[in-house]
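Engineer: Task: produce atomic coordinates for the following.
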Amino acid sequence: MNVQVIENNSGNPAYAVVPWDEYRSMVERLEELQDIVDADKAMAAITSGEETYPHDLVERLLRRENPLRVWREYRGITAAALAAMVGVTPSAISQVETGKRGLSVDLLKKLSEVLQVDMDDLVD
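Structural biologist: Alright, predicted model coming up:
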């Protein structure tokens, strides 16, 4: 590696100058190393039980479908069953999913616990 060292007034190294191609090569190798570290962390999290999500679920959320409906269907819970679990009527769940009714903080908290998601995940 061709390096030029520039010293400060005290004679201590202050800068290292390398040719551009060598610099880009170093950056690429560091980025690859970081990708490996990140992948190892992700695999360790998955191995320890962290939940992963299928592409379809993510796509539905990105399309801005009603998040309550998306998460409810992903968890395999009917609207009637979810309503019973959180103490509201099936009609109330339907109204939330169609945007005709908002969520109180209390109901939002119950829904997030049953669906095992953060409250923010249920708010569009």
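Engineer: What segments of this protein are helices?
Structural biologist: When secondary structure is read from DSSP state H, the chain shows helices at 20-47, 55-62, 67-74, 79-86, 90-97, 105-115.
Engineer: out of those, deepest packed?
Structural biologist: Scoring those by mean neighbour count under mean count of other C-beta atoms under 10 Å gives helix 67-74 as the most buried, with a mean of 19. For glycine as for every other residue, the C-beta is placed from the backbone atoms N, C-alpha and C.
Engineer: ok, and what's touching it?
Structural biologist: Contacts to helix 67-74, defined as C-beta atoms under 8 Å, 6 or more residues apart in numbering, come from residues 53, 57, 60-61, 78-79, 82, 93, 96-97, 103, 111, 115, 117, 121-124.
Engineer: Give me the angle between that helix and helix 105-115.
Structural biologist: 20 degrees (axes from the mean of the first three to the mean of the last three C-alpha atoms, to 10 degrees).
Engineer: I'd like the average pLDDT over stretch 103-112.
Structural biologist: Model confidence over stretch 103-112, given as mean pLDDT, is 97.
Engineer: Many thanks, we can stop here.
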